[in-house]
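> Here is the input, now give the coordinates:
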Amino acid sequence: MHRVPILIVALIGGLLCLSGGAEAFGQDDSEPVRAVGMLNVTETSPGVLQAARSDVTGPGQAKTDGPLSSVGLELAVLYHQFRATGSAGVQALRNASSGPRMKAADGDRRRGAGRTHSPISPDGQFVTIEAVASENASRLLADLRGLGFEDGATAGNVVSGRLPISSIKEAASLSSLRGAMPSYARTYAGSVGSEADTAHATDQVRQETGLNGSGQKICALSDTYNQNETARTSASEDVESGDLPGEENPEGRTTPVDVLQDGGSDGSDEGRAMLQLIHDIAPGAALGYHTAFGGLAAFASGIRELADPSRGNCDVIVDDIRYNTEPFYQDGPVSNAVDDVVNDGVPYFSSAGNDGQNSYEAPFRNSGESGVISESSVAHDFDPSDSSTDLRQNITIQPDGTFQIFSFQWTDPSAQVEGSAGPDTDIDIALVDDNDNVEVESSSDNIANGVPVESLEYTNETGSAVTLRLVVEKAAGPDPDEIKYVYTGPDFSVKEYDTLGPTIYGHPVAEGAMAVAAAPFYNTERYNPNSDPAALEFFSSKGGIPILFDQNGSPLINPQEREKPEVTGTDWIDNTFFGTDIRDDFFDGVDGDPHPNFFGTSAAAPNVAAIGALILQARPGLSPAEVYTRLEDNSEDVTSRLNRNGEFVSIGAGRDPWSGHGFVQALQAVPQPIVTDVQTTSTPSSGEVNLTWSVSDDANIESYEVEQRYFNDTFETVATPDGPPVTLDSLGLGVFTFRVQWERSDGTQGTSTSVADTLGLRGLTSEVVAEDEKGRRTVSFSWDVPPGTGGFTYQLERQSGDSGPFVKMGTTEGTSIRAERQVPGTY
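Numbers count the residues shown, from 1 in each chain. The predicted structure is shown next:
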């Protein structure tokens, strides 16, 4: 912490202006930089770093003169590392930049921070980028494909995909490219029967209403579905154990998961864990999946594909991913995709995030003093007082700890949004030591690339605690109204000016999305009588970041304060492979099983999404807003949460920016089905089945169709009655399944739960009709079948005495058969 009286600040600032000090982008004569943005560069040579910096700055040292200025320093380092050492050298950078090293042990207060996904491919050949088009995104995509670009997608003004690292310099020279940066994404997880099923009482919903998600398709977006070779189970094993649907599912849930696109080989299969949680609550629902990785445009494209009736045809969608470049103060490309599918009638659920209130925010206070990263920049004053100035924010990182600023932004619009010009201010950030040597820097030319975002990460590998200083410097443009960053990582502490701001940003803030907070199952009423109804996780993200700009980048006259999150779901849920098992002795053995527990808002969101599907099954035709209203109005107020120190603190009564409307109560949120209590009474002698059902008082049903399925054939309409009861006759022998479809006066349609009945053989008789000289007998067997039976072949078998195998005696297509030369006995 360096404090300087205001008067001296003004004098120093004036002297610097008079002297016309030379700009020094970076620090060639100081200790080498340990990281550029979120890329650990300790495995690079000084020559690689120097070449990368020279190609960004050019001879003018102004961040805009070099041949790689449009792609920034991180991509420039990757390019020169690849040139110098090939893919093996890039792999070394990837391994060194593994993201925050989350602790797995119970009690680690930062365990919910999530996992940052590297944009570098495991083979060291490709990097996933977010590219901003100078004019036309489709043209930029075509130009990049000419350079070997893979998995390309567009959304708004953004092109996302995998660029060969060897082609970075060629990409930087494209006239269709305004700017590009690595694409960083985070999941919001911490790392069988479902505790959420009990905590939300969805087990009672299924038991009391018969609803199980049938007729609905619930789809998830995350990292991967079935790519993690080190996971303790595979997708096929999850099907065989009944934890996912598929052909080998022992419960008869044979419709396989519809995987539109899986992620790469470096994923954790978090998406499969999300689908397991959904299957526990809504086992009758069909499931679908699309990776959210591959960049913003790929994510937005995946959302639209899942909702497309000709592709995913999903009724409910949920995700748990956030990208660092998603705008804080404006609806970005992913938010727009969410709103599009919601407007088409598909409810969308998203994890609120695991960042708690890990955010610094303040007006940009122009100190008038030169920066450290560049002498021509002006430093931000962290000290809010009028009496002194402080240009550093102290942050202490313990050994092996990591401090990550996943997203640093300010009040400017983003050119990622089609029609938006982008920022008019360029800001750089860095972590420096006591001697102002830069340890980590993030210094993109934000005006040039169109994206007001910086990110950085530092992992302490020194073996002892290190205190570094964050500096924030304005390189160009007007002072922004506010600067803000969201931070994460294990084993660090922000020693001063920790303003504890809101952290929900990006597409969970979309007007059409339902953002879901998290409460651990062991702090819900069903498991802990002292929690009524639940106590919030310490890491569950706080809402409150306003939307300040429209789609054209113009300031809104009335900023939008969207109430986020909307509701709370439960986490720490059992599954077959993902997460960390809670200790058997924790909380009096509340989780004594050996299954791993999936925690974080990544687990809470799919649980609430599954409840949303049960609502839609009960009331087909409800709009997303109506589904959300049922969840919100039937949530119970959460009034306490854990803080960082493990203490319960009050968050007040009523809707709040921590838990939203409260903890979802499925028994109240899920209405009784319109058509319920479908029952059959069969009469085999006549081949009849009588079908009855009940109808809710407000049904307003105009027409019914009774559908019948014979064995495993498809359903066919067999009657169109005005109402119950219905008698179906001459059905014949077999297993029949019935269901009722209906249409209301407002045009909405629905289908009841199914009920099965069996019409079998009856009246099996035998008669001895002849006997030979050895006492062997000819026996005639006959039986009755229901009217309408035809097309069957019958096989007669016998068993000697009370045990032993059955032995075939003969076959027939009729209803009688003779068995000759039968030895007398008991059969």
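
> Which stretches in the stretch 201-350 of the chain count as strands?
Counting by DSSP state E, counting those that start in this stretch, the stretch 201-350 of the chain has these strands, from start to end: 217-222, 258-261, 286-291, 316-319, 321-323, 348-351.

> Now render these as TSV, adding mean pLDDT and distance to residue 502.
C-beta: built from backbone N, CA, C; applies to glycine. As requested, these are exported to TSV (pLDDT from 0 to 100; distance: least, C-beta to C-beta, whole Å):
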stretch	mean pLDDT	distance to residue 502
strand 217-222	98	24
strand 258-261	98	33
strand 286-291	98	28
strand 316-319	98	20
strand 321-323	96	14
strand 348-351	98	15
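
> Adding mean neighbour count and distance to residue 798, write the ones you listed out as CSV.
Formatted as CSV, the strands of the stretch 201-350 of the chain follow (neighbours: other C-beta atoms under 10 Å; distance: least, C-beta to C-beta, whole Å):
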stretch, mean neighbour count, distance to residue 798
strand 217-222, 28, 48
strand 258-261, 18, 47
strand 286-291, 26, 44
strand 316-319, 31, 54
strand 321-323, 28, 63
strand 348-351, 32, 59
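
> Could you point out which of those strands sits nearest residue 87?
With C-beta to C-beta as the criterion, residue 87 lies closest to strand 286-291 of those, at 23.1 Å.

> which residues make contact with that closest one from outside it?
Outside strand 286-291, the residues that touch it by C-beta atoms under 8 Å, 6 or more residues apart in numbering are 216-225, 244-245, 255, 257-263, 267, 271-272, 275, 278-279, 298, 302-303, 305-306, 312, 314.

> what's the answer for stretch 811-818, then?
769, 778-785, 792-796, 809-810.

> then it to CSV, C-alphas only?
C-alpha atoms of stretch 811-818 as CSV (Å, rounded to 0.1, in the frame of the first residue of the first chain):
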residue,chain,number,x,y,z
THR,A,811,-46.9,-75.8,-30.3
THR,A,812,-50.1,-74.7,-32.1
GLU,A,813,-51.8,-71.7,-33.5
GLY,A,814,-55.2,-72.8,-32.2
THR,A,815,-56.6,-73.1,-28.7
SER,A,816,-56.1,-76.8,-28.2
ILE,A,817,-53.4,-79.4,-28.5
ARG,A,818,-52.9,-83.1,-28.0
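
> Run the chain-centre distance for it.
59 Å (C-alpha atoms, centre = their mean, to the nearest Å).

> what do you get for stretch 743-752?
32 Å.

> first vs last residue of it, how far apart are they?
Using C-alpha to C-alpha, to the nearest Å, one end of stretch 743-752 lies 12 Å from the other.

> Name the residues of it that come out as buried.
Neighbour counts over stretch 743-752 (16 or more other C-beta atoms under 10 Å) mark 743, 744, 750, 751, 752 as buried.

> just stretch 422-431 next, same as before
422, 423, 425, 426, 427, 428, 429, 430, 431.

> go on, stretch 554-572?
Of the residues in stretch 554-572, those buried (16+ other C-beta under 10 Å) are 562, 564, 565, 566, 567, 568, 569, 570, 571, 572.

> tell me the phi and psi of the second one?
Its backbone dihedrals place residue 564 at phi -130, psi 140, with angles given as degrees, to the nearest 10.

> mind listing what it touches?
By C-beta under 8 Å, 6+ apart, the neighbours of residue 564 are 352, 504, 508, 509, 515, 543, 544, 657, 660.

> at 10 Å what do you get?
350, 352-353, 502, 504-505, 508-510, 513-517, 541-545, 657, 660 (C-beta atoms under 10 Å, 6 or more residues apart in numbering).

> Also the fourth one?
Counting by C-beta under 10 Å, 6+ apart, residue 566 touches 349, 352, 508, 513-517, 543, 608, 628-629, 631-632, 635, 655, 659-662, 664.

> Quick check on those: which are buried?
By 16+ other C-beta under 10 Å, the contacts of residue 566 give 349, 352, 508, 513-517, 543, 608, 628, 631-632, 635, 655, 659-662, 664 as buried.

> Tell me the secondary structure of residue 712, please.
When classified by DSSP: H, G, I helix; E, B strand; the rest coil, residue 712 comes out as coil.

> from memory it sits against residue 736, does it?
No: Residue 712 is beyond contact range of residue 736, at 11.4 Å (criterion: C-beta atoms under 10 Å).

> Between those two, tell me which one has more neighbours.
Set residue 712 next to residue 736 and count neighbours by other C-beta atoms under 10 Å: residue 736 wins out with 20 against 8.

> C-terminal to the helix or strand encompassing the more buried one, what's the next element?
Here residue 736 sits within strand 734-744, counting by DSSP states H and E. Going down the chain from strand 734-744, the next helix or strand is strand 749-751, by DSSP H and E.

> in its sheet, what does that next one sit against?
strand 734-744 (antiparallel) (DSSP bridges).

> re the thing from before, got the buried residues of stretch 422-431 as JSON lines, with pLDDT and secondary structure columns?
Shown next, in JSON lines, are these (pLDDT from 0 to 100; DSSP: H, G, I helix; E, B strand; the rest coil):
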{"residue": "422", "pLDDT": "96", "secondary structure": "coil"}
{"residue": "423", "pLDDT": "98", "secondary structure": "coil"}
{"residue": "425", "pLDDT": "98", "secondary structure": "coil"}
{"residue": "426", "pLDDT": "97", "secondary structure": "strand"}
{"residue": "427", "pLDDT": "98", "secondary structure": "strand"}
{"residue": "428", "pLDDT": "97", "secondary structure": "strand"}
{"residue": "429", "pLDDT": "98", "secondary structure": "strand"}
{"residue": "430", "pLDDT": "97", "secondary structure": "strand"}
{"residue": "431", "pLDDT": "98", "secondary structure": "strand"}
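
> Nearest to residue 454 among those?
Residue 454 lies nearest to residue 429 out of the buried residues of stretch 422-431, by C-beta to C-beta, at 5.0 Å.

> Show me what that closest one bridges to in the sheet.
Bridge pairing for residue 429 - DSSP bridges - gives residue 442, residue 472.

> hmm, back to that, from the chain's centre, how far out does the strand holding residue 736 sit?
35 Å.

> same thing with stretch 676-687?
45 Å.

> Next secondary structure element downstream of whichever strand or helix holds residue 514?
Using DSSP H and E, residue 514 falls within strand 513-520. The C-terminal neighbour of strand 513-520 among helices and strands, as given by DSSP H and E, is strand 547-549.

> So what touches the next helix or strand after that following strand?
Per DSSP H and E, the first helix or strand lying C-terminal to strand 547-549 is strand 555-560. Strand 555-560 is contacted by residues 329-331, 411, 413, 481, 509, 511, 546-550 when judged by C-beta under 10 Å, 6+ apart.

> What of stretch 244-257?
By C-beta under 10 Å, 6+ apart, the list of residues contacting stretch 244-257 reads 212, 217, 219-220, 225-226, 233, 235-243, 271-272, 275-276, 278-279, 283-289, 576, 712.

> From start to finish, how long is it in a straight line?
8 Å.

> Just the buried residues of that stretch, please?
244, 245, 246, 249, 253, 256, 257.

> Relative to residue 597, which of those residues is nearest.
residue 244 (18.0 Å).

> Quickly list the domain ranges of this structure.
1-28+358-407+419-426+461-501, 187-356+503-669, 675-759, 762-822 (automatic domain parsing).

> okay, these in JSON lines with distance to residue 168 next?
Listed next are the domains of the chain as JSON lines, based on distance: least, C-beta to C-beta, whole Å:
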{"stretch": "domain 1-28+358-407+419-426+461-501", "distance to residue 168": "19"}
{"stretch": "domain 187-356+503-669", "distance to residue 168": "15"}
{"stretch": "domain 675-759", "distance to residue 168": "53"}
{"stretch": "domain 762-822", "distance to residue 168": "68"}
